[in-house]
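Participant: coords below, sequence missing:
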DNA sequence: GACCCGTGGGG
DNA sequence: TCCCCAAGGGT
């Protein structure tokens, strides 16, 4: 097992290094519970270079938990645009509402209490509790897992729940008594900048003399690679349903599956396109144009290849039969009409922006061009 | 435990 | 161009 006299040594060396070398991230300037919460949720599975500007804009537009709790969905989506994993934004707002409505706007004070907040798991609750409340609780993310697996030369699986427990127990055994928050951030910072996945900079590492993987020269084997799913190819169509009379375009709220909790163009599997085309073609009020070109987009392990179909209503039809027809088409609901000039500002997902680009550059599709 | 969910940046 | 991946959490 790990000896206690070493525990202080790990923390001591690490904190000396951290004080000297940590990056000046915006949320590190002065500790703010709301800021810490927002930046940690934003940072989940996301690179910090992308997070930093998004974080600043987010807390500028929504400075307090009260602002977040009452913000409109469109604002939230725009602030989250480019970050992905949109459930995080939904949970963040749910958490804000919970804090405002059930905790009288007072933030939870411990790791255990933070675990009750939507979107806060073991990692996030531990970071907030240690950084904001000086709670001595280990936080274990991908960086920390890598650092510890090398310190202990663990080449067996460390990503499953039992492996994560081993990592967490070890970190709890060496965590600083005086500065648990800085210690946790230091472990992550070390993993991000020195104990990197590939080409670790062992010569710069403050823990080198205590690192078994460095000693055995086996950093490449520790930790073992996370298992990954094979990519799956998906073909789909985006529908650009455009009312000429009002110059508006149909936007749907996606409630499940890909891009849940976002709004954008209706998406249908390639295999259903024929049926949809047939239904529109049976009505003289519509003209169909399949835009030239395709767009490529990845969602987790799905490799999406997409095309866009413009469905233009050249004579009035929707005003009378819209609800019924929409339902018969099996398109996502609810939907609403957005002025074509305002479409670009409504879209928040990368996929929708790619679709819009196909539309915008096309002589067949541009709202300002004559069809 | 298995599987789900986005995106931008880097090699 | 293509593949890899990053300060995870929910179901």
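Facilitator: Looks like it arrived, so ask away. Worth saying up front: this structure is predicted, and the values here are computed from it rather than measured.
Participant: so where do the strands sit in the stretch 101-250 of chain A?
Facilitator: A:232-243, A:248-254 (DSSP state E, counting those that start in this stretch).
Participant: any chance of these in JSON lines, plus mean pLDDT and distance to DNA strand C?
Facilitator: For every residue, glycine as well, the C-beta is placed using N, CA and C. Listed next are those as JSON lines, based on pLDDT from 0 to 100; distance: least, CB to the nearest atom of the strand, whole Å:
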{"stretch": "strand A:232-243", "mean pLDDT": "95", "distance to DNA strand C": "10"}
{"stretch": "strand A:248-254", "mean pLDDT": "94", "distance to DNA strand C": "16"}
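Participant: the residue lying closest to residue A:200 once chain neighbours are set aside: neighbour count?
Facilitator: Of all residues beyond its chain neighbours, the one nearest residue A:200 is residue A:219 (5.3 Å), with distances taken as CB to CB, 6 or more residues apart in numbering. Neighbourhood size, residue A:219 [other CB atoms under 10 Å]: 22.
Participant: next, the contact list for residue A:219, please.
Facilitator: Counting by CB atoms under 8 Å, 6 or more residues apart in numbering, residue A:219 touches A:150, A:200, A:202, A:213.
Participant: likewise for residue A:32?
Facilitator: Neighbour list for residue A:32: empty [criterion: CB under 8 Å, 6+ apart].
Participant: anything in the host helix or strand of residue A:15 near DNA strand C?
Facilitator: Assigned by DSSP states H and E, residue A:15 falls within helix A:4-21. No - on the criterion CB under 7 Å from any atom of the strand, helix A:4-21 is out of touch with DNA strand C, staying 10.8 Å away.
Participant: buried ones in that helix, by neighbour count?
Facilitator: Buried residues in helix A:4-21, counting neighbours by 16 or more other CB atoms under 10 Å, are found at A:7, A:10-11, A:13-15, A:17-18.
Participant: mind putting these into JSON lines with pLDDT?
Facilitator: Listed next are the buried residues of helix A:4-21 as JSON lines, based on pLDDT from 0 to 100:
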{"residue": "A:7", "pLDDT": "66"}
{"residue": "A:10", "pLDDT": "96"}
{"residue": "A:11", "pLDDT": "97"}
{"residue": "A:13", "pLDDT": "97"}
{"residue": "A:14", "pLDDT": "97"}
{"residue": "A:15", "pLDDT": "97"}
{"residue": "A:17", "pLDDT": "97"}
{"residue": "A:18", "pLDDT": "97"}
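Participant: out of the residues you listed, which are close to DNA strand B?
Facilitator: Of the buried residues of helix A:4-21, not one also sits near DNA strand B (CB under 7 Å from any atom of the strand).
Participant: from those residues, which is closest to DNA strand C?
Facilitator: When the buried residues of helix A:4-21 are compared for distance to DNA strand C (CB to the nearest atom of the strand), residue A:18 wins out at 10.8 Å.
Participant: for that closest one, give me its contacts.
Facilitator: Contacts for residue A:18 (CB under 8 Å, 6+ apart) come out as A:182, A:185-186, A:189-190.
Participant: I figured residue A:116 hits residue A:110, correct?
Facilitator: No - between residue A:116 and residue A:110 there is no contact under CB atoms under 8 Å: 10.2 Å.
Participant: hang on, the earlier thing: now the residue nearest to residue A:200: how far from DNA strand C?
Facilitator: To DNA strand C, residue A:219 is 14 Å away according to CB to the nearest atom of the strand, to the nearest Å.
Participant: show me which residues of chain A sit near DNA strand C.
Facilitator: Contact residues (CB under 7 Å from any atom of the strand) of chain A with DNA strand C: A:25, A:39-40, A:43-48, A:85, A:87, A:91, A:118-125, A:141-143, A:185, A:188-189, A:191-192, A:197, A:225-226, A:228, A:231, A:296, A:298, A:303.
Participant: among the residues you listed, name the buried ones.
Facilitator: The neighbour-count test (16+ other CB under 10 Å) marks A:39-40, A:43, A:46, A:85, A:91, A:118-120, A:122-125, A:141-143, A:185, A:188-189, A:191-192 as buried among the residues of chain A next to DNA strand C.
Participant: is stretch A:88-97 in proximity to DNA strand B?
Facilitator: No - counting by CB under 7 Å from any atom of the strand, DNA strand B is not contacted by stretch A:88-97; separation bottoms out at 8.4 Å.
Participant: what does stretch A:165-173 give?
Facilitator: No - Stretch A:165-173 stays clear of DNA strand B (CB under 7 Å from any atom of the strand), getting no nearer than 9.0 Å.
Participant: what residue spans form the domains of chain A?
Facilitator: A:31-137, A:232-361 (the TED database).
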